[in-house]
Structures are given as C-alpha cells and as structure tokens.
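Chemist: Sequence plus the predicted model coming up.
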Amino acid sequence: MLSKSQISLLKSLQHKKFRKEHGLFLVEGHKSVIEFVNTAYQVDTIYHTAAIVPKLLNLSRKINFQEISLADLEKISSLKTPQEVIGLVKMPIWPSLNYNTLKNRFSLVLDGVQDPGNMGTIIRTADWFGITDIICSEDTVDVYNSKVVQATMGSLARVNVHYTDLATTLPQIKLPIFGAMLDGENMYSTNFGNEGLLAMGNEGNGLRPDIQALINKKITIPRVGQAESLNVAIATAIFCSEIKRNSLK
C-alpha cells in the first residue's frame with residue numbers, strides 16, 4: 001500500500017515543475033518499463049499489481065519493486081485505464097550537445113512542437129529510422145511529459161533529446177539544414193546528401209522566421225489532394241523515410 005506522501009510525490013510528477021525538482025518521471029506499461037530497464041536509464045522503483053508479478057521475475061534485483069493495489073495504481077496513473085506496471089525513472093543528466101557527433105548522419109530539429117502525442121510519435125519515428133538525436137527549441141513540449149513518454153512506446157530510451165536556443169545553436173553545428181515549408185522544393189527532387197538537420201515547425205505556425213533564415217534548403221511533401229496541411233508527426237515520418245531512401249541508393 002502506498003503512503004499519502006508517496007501518492008502525493010508520484011502524482012506531482014505529472015507536472016514539469018515537480019519532475020524537474022525531483023529529477024524523476026513515470027513510465028507506464030510493462031513493455032515501456034522493460035525498454036527503460038534495458039538501457040542506461042536508472043529505474044528507481046517499479047510499482048505493480050499482484051497479477052503482473054510473473055512477468056517481472058527476471059528483472060534486476062537492484063530495482064525496488066513495490067506491489068500495490070489497483071486502487072493505488074489508479075491514483076498515481078495519468079491514464080484513464082491504468083496499466084499494471086508503472087516505473088519511477090531518474091531523469092538523466094545529459095552532457096552538452098557535441099556537434100561533431102552529428103556529422104555524417106541526419107538529426108531532427110523541432111521548433112515549438114507542442115502536442116505531447118506528436119512529440120512522442122516523432123521520437124518513435126526517429127528510433128525507427130535510426131535517428132539518435134533530436135534538437136528542440138526551449139518551448140517544445142517536455143519530453144518527460146507522461147503523454148509524451150506513453151506515445152514513444154519505449155523509444156525515448158534510445159533517442160537523445162536536447163533542449164536549446166535554436167537561433168544560437170544551429171549556426172554552430174555547421175551542417176546543411178533542410179526546413180519543412182509549404183513553399184519548399186519537392187522532397188522527391190531533393191538531394192539530401194549523407195548528413196544534415198531536418199527542421200520541423202510548430203503545429204499551427206510552422207518554423208519561426210529566425211529559424212527560417214537559417215535554412216539552407218526549403219523542402220515540402222507535394223500535395224495531390226485538397227488537405228490544407230499534414231500533421232507534423234506524419235510529415236516528419238514521410239521526410240525521414242525519403243531521407244533514408246536517398247541514403248540507401
């Protein structure tokens with residue numbers, strides 16, 4: 001049974017302020033928790049119901065395990081239908097972004113992406129295409145937001161997400177920047193080369209003017225139908241697929 005103070009702490013982690021204060025975040029679901037256990041992330045405690053115990057027997061005994069009731073699980077979960085495992089994970093202290101490690105490959109740049117579902121899907125997409133670094137503006141949604149973590153389906157454990165002032169950071173990276181814009185060049189005619197940054201903008205406003213000014217090549221997904229725009233997560237996946245296809249030629 002969880003104490004009132006434990007419940008208070010765990011519930012508080014649904015807010016960025018308290019995640020940052022305690023250096024902790026929650027991961028919900030057996031599969032996602034296992035993904036974090038098998039990486040460099042430090043899983044502090046796994047809260048679980050009695051029914052899930054057989055699936056946890058092979059995990060490291062260095063992790064604290066606490067069996068709790070379904071009622072307590074519902075109190076600390078951010079989901080309408082809680083899953084039977086919740087992991088309490090320590091937020092890593094990332095080293096400063098090493099620009100040299102970004103050479104000879106592609107990385108993503110996110111300028112003001114706000115929707116947690118979009119953010120989580122973009123991280124999962126990056127993982128699928130072997131993209132290991134995402135560079136975000138400081139106002140991009142927090143990667144440890146519970147909805148973001150849930151949407152990544154464990155991929156967050158393998159993708160490095162950096163927050164920075166894009167306007168000052170991007171010029172220092174010294175790589176070509178491909179910016180997703182409606183008036184850009186047809187991506188199917190674009191020569192992406194073997195390295196660069198793919199910049200994606202805010203759901204409603206796109207890339208900010210100061211970031212647009214840093215772009216070397218505007219690119220777009222050619223529209224065939226009548227839709228006004230594409231969801232940013234879907235557009236990112238399409239661009240990543242074309243970039244990867246180019247690299248395999």
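Modeler: Looks like it arrived, so ask away.
Chemist: so where's this structure uncertain?
Modeler: 249 (pLDDT under 70).
Chemist: what ranges do the helices span in it?
Modeler: 4-12, 16-22, 30-37, 70-76, 116-128, 146-152, 166-173, 209-212, 232-247 (DSSP state H).
Chemist: Make a markdown table from those helices and add distance to L56 and mean neighbour count to it.
Modeler: C-beta here means a position set from N, CA and C on the backbone, and glycine is covered the same way. Below are the helices of the chain laid out as a markdown table (distance: least, CB to CB, whole Å; neighbours: other CB atoms under 10 Å):
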| stretch | distance to L56 | mean neighbour count |
| --- | --- | --- |
| helix 4-12 | 18 | 14 |
| helix 16-22 | 24 | 13 |
| helix 30-37 | 8 | 20 |
| helix 70-76 | 14 | 16 |
| helix 116-128 | 24 | 22 |
| helix 146-152 | 19 | 23 |
| helix 166-173 | 41 | 15 |
| helix 209-212 | 45 | 14 |
| helix 232-247 | 32 | 18 |
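Chemist: What backbone torsions are found at N145?
Modeler: The phi and psi torsions at N145 (degrees, to the nearest 10) take the values phi -60, psi 130.
Chemist: list the contacts for it?
Modeler: Listed by CB atoms under 8 Å, 6 or more residues apart in numbering, the contact set of N145 reads 16, 116, 119.
Chemist: T220 too?
Modeler: Applying CB under 8 Å, 6+ apart to T220 gives the contacts 180-187.
Chemist: make it 7 Å
Modeler: Taking CB atoms under 7 Å, 6 or more residues apart in numbering as the definition of contact, the neighbours of T220 are 180-182, 184-187.
Chemist: returning to what we had before: could the helices of the chain be laid out in CSV, adding distance to R158?
Modeler: Conversion of the helices of the chain to CSV gives the following (distance: least, CB to CB, whole Å):
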stretch, distance to R158
helix 4-12, 25
helix 16-22, 20
helix 30-37, 8
helix 70-76, 26
helix 116-128, 5
helix 146-152, 9
helix 166-173, 22
helix 209-212, 26
helix 232-247, 15
